[in-house]
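K.L.:
what's the 3D shape of this:
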Amino acid sequence: MPATPETLKDDVEAETNEQIFLECAARFRLAEEAENTNRALALEDLEFRDGQQWPDDLYNMRRVQRRVTLTVNHTDTLVRRIVNNMREQRPRIKVHPVGDGADIETARIVGGLVRHVENLSQASVAYDTAGESAVNIGWGYARIMGEYIDEKSFDQELYIKPIFNALTCYIDPGAMMPDGSDMEWFIISDKMKRTEFHRRYPNEELVAWTHGSAGDNQRAWLSKYDIRIAEYYRIKHTKDTLYRLSNGKTCFASQWRKNEQAYTLAGISRVTNPDGSLVSRGTTRRQVQWFRLNGYNIVENRDLPGRYIPVARCQGNILDINGEVRRKGAIRNLKDPARQFNYWESAKTEKLALSSKAPWVGVEGQFDGHPEWDDANQKPYSVLKYKLILGPDGMPIQVPPPQRQAAVEVEAGFSEAAAGAVKNLMMVAGMPHEPGQDTPGTVVSGVALRRRQAISDISHFQYYDNQTLFISHLGEILLELFPFYYSGERMQRIIGEDGVPQMVGINQPVQNNGVMEIKNNLQVGRYDVVMDTGPGYETKRQEGAEAMIDLMKTPIAEPIVKTGADIVVRNMDFPGADDLADRLMPLNQQGLQKAVEGLPKQAQGIVTALMGQNQQLQQTVQQLQLEIKYGITKAHLAATTKAHDTEMRTQTTREDVATRAQTELEKAHIDRQTKLDVAEISAAGKLLDTHVHGRQEEAGREHELKVAKAAEKTNGAGNG
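P.N.:
Predicted coordinates for the structure are as follows:
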């Protein structure tokens, strides 16, 4: 018979198998008591989403009375919208080097190995299952397990496994972090085929694990094919002493005693103080342990590497009231408005269903011989005949034909109440601005629609944020386990951020200047997980990219491209954006300096030296370019001058010839004109001489005449 948990003291850590079994049972009871109310309400939430939305007593009463109980399941649609939005913006794990020999190239390989594990194990199933469970009931889980590649290999691969039913898990109530990273123990119930149990544990009794709680009903596990078992994780704390080693690292005293000879052969010793005492301090060593239990005892156990229990929690909404932790998802608050809507729709339907059909009214005898009037309010007859009413005298009495009564209308209050219930439902769901609620014909801009979507995203952002923490913790667990599960030399597939696979060698010994080194060594270095979100259009990153694109259309685009092109590209959300940004970053001085600062010291020295050489080469190239430029300019100047001189000489020669020709022409003209002038002058002179000579002859004749007259006078006087 199994032992009882009451026989184990709370202040004594279990050591033997019997004590560990009792410890597990006691902790199971502790978790059950702490989470019993949350589990019962969570089970109701799941049933409500599935369509069981009427309270049991009211539903049973109405069913007995044969009354309408409609269920219009808006809840499932609204929850699915939140979950799908989370899937659309699923976070991604990135790895950054921190220290202890870590470098960027190895960080790239480790990040590719993380994506390999995600791809191999279809981790999106685990991420989405845990996220949806958090939206449904307030929490969900996933875990990491190591398995051999196949039956012929000693190599193991890590897998991210989903836990489909979060109600089969029992966590340490003292774990307060949303991702459960501070848990000290964890229990999960599961089932195994009876044949598989016999194959694995042929010497163990086929006794099922009998403990269970709400949502983990043990009666559902009773099967002739399966057996219910439990897995128990715990962290064992052992007091130890920590030593500082001569190689700069540390080790526990228990580890030193176990591997002292290997340390000595490697030339590694413990560091001492000036007084000769060892540099040491007391500490507590953590050891993760795993056990598999049936209903009687432990059937399998092993120690696990790493610091964390390889399980992560995805949390929903949490509220601590007087020390009572209350957990819930999105369904809890949707129940009352959903029930309100279901009630009013049922009442409206019931009102119409129970109202009589619109009848035909006529005098007695008008319908005799015409049976079609019996269902004329239900069937579309093309012709309806009625019988005339005859009086005592055999003449027809003037009475009106049968008249149709007005149909029963539903009161406006029913429709208003149903519409109010829908509004309440959407408000509680955090989706108050549905496009369908706009006034018909109203034009709504794309910016307004994006803002409405952003309001919805903000209302549910806690689920997305907690899922990011959950995936981040899974990444941290993987980084802890990689050095143990990928410790040997092998060719390993990694997957780049763009989804392209690549084969790389890890833990490979290589010769470097006569010194043996390990290339892509996963055993050294500390790395950190950084979450990369996306690709939702509504995220701030996307809006930032849009704003930057708008800036590129402004006059300041040129300095932005010169000084921060990598920042613009890095904020864009398309495959290869980060790779392109990494290539653009060194093109400006600030980006280059930042890139160099992120490198290890040795790499910084190499890059700095190369940068100096590159600067010298650039200066030489610039000088040569100047010389070439000035040489070409001088030659061009000489050629231009020569051509100019030639042209000037040619021009001068042409001008001289023209001048001489002109001069000859002018000279000939002058000579001709001179000759003409001389001839004219000569002719004029001759003419003038002729006139002068004529005048002289005439004057001589006049003088001779005067002398003759005077002589006559003189002669005449002498005679008297």
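
K.L.:
CA only for contacts and neighbour counts going forward, please
P.N.:
Fine.

K.L.:
just the strands in the stretch 401-550 of the chain please.
P.N.:
Counting by DSSP state E, counting those that start in this stretch, residue ranges of the strands within the stretch 401-550 of the chain are 403-404, 490-495, 501-506, 508-512, 515-519, 526-532.

K.L.:
can you tell me which of those comes nearest to Leu469?
P.N.:
strand 526-532 (8.5 Å; CA to CA).

K.L.:
possible to save the strands of the stretch 401-550 of the chain as CSV with distance to Leu43, mean pLDDT and mean neighbour count?
P.N.:
Conversion of these to CSV gives the following (distance: least, CA to CA, whole Å; pLDDT from 0 to 100; neighbours: other CA atoms under 10 Å):
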stretch, distance to Leu43, mean pLDDT, mean neighbour count
strand 403-404, 53, 75, 12
strand 490-495, 40, 88, 18
strand 501-506, 42, 87, 15
strand 508-512, 52, 79, 12
strand 515-519, 52, 77, 13
strand 526-532, 32, 81, 17
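
K.L.:
Out of those, flag the one nearest Met176.
P.N.:
Closest approach to Met176 among those (CA to CA): strand 526-532, 20.7 Å.

K.L.:
which strands and helices sit next to that closest one?
P.N.:
Taking 3 or more CA pairs under 8 Å, 6 or more residues apart in numbering; DSSP states H and E as the contact definition, the neighbouring helices and strands of strand 526-532 are strand 92-99, helix 461-485.

K.L.:
looking at the strands of the stretch 401-550 of the chain, which is closest to Glu15?
P.N.:
The closest of these to Glu15 is strand 526-532. By CA to CA, the value is 32.6 Å.

K.L.:
so how far is that closest one off the chain centroid?
P.N.:
Between the centre of strand 526-532 and the centre of its chain there are 16 Å (CA atoms, centre = their mean, to the nearest Å).

K.L.:
List of residues touching that strand?
P.N.:
Defining contact as CA atoms under 8 Å, 6 or more residues apart in numbering, one finds that strand 526-532 is touched by 91-102, 107, 468, 472, 475-476, 479.

K.L.:
Now the buried members of those.
P.N.:
Neighbour-count burial within those applies to 91-97, 102, 107, 468, 472, 475-476, 479; the criterion is 16 or more other CA atoms under 10 Å.

K.L.:
So which of those sits lowest on pLDDT?
P.N.:
Lowest-confidence member of these: Ala102, scoring 78 (pLDDT).

K.L.:
Would you mind confirming that that residue is in contact with Leu522?
P.N.:
No: the pair formed by Ala102 and Leu522 falls short of the contact definition of CA atoms under 8 Å, at 9.1 Å.

K.L.:
thinking Ile229 is in contact with Asp190, fair?
P.N.:
Yes: under the criterion of CA under 8 Å, Ile229 makes contact with Asp190 at 5.5 Å.

K.L.:
The two - which one has more neighbours?
P.N.:
Ile229 (23 against 18; other CA atoms under 10 Å).

K.L.:
pLDDT value on the more buried one, please?
P.N.:
Ile229 is assigned a pLDDT of 92 by the prediction.

K.L.:
Could you grab the helix/strand/coil label for it?
P.N.:
Ile229 carries the three-state label strand when classified by DSSP: H, G, I helix; E, B strand; the rest coil.

K.L.:
What spatial separation is found between it and Arg649?
P.N.:
For Ile229, the distance to Arg649 under the criterion CA to CA, to the nearest Å works out to 112 Å.
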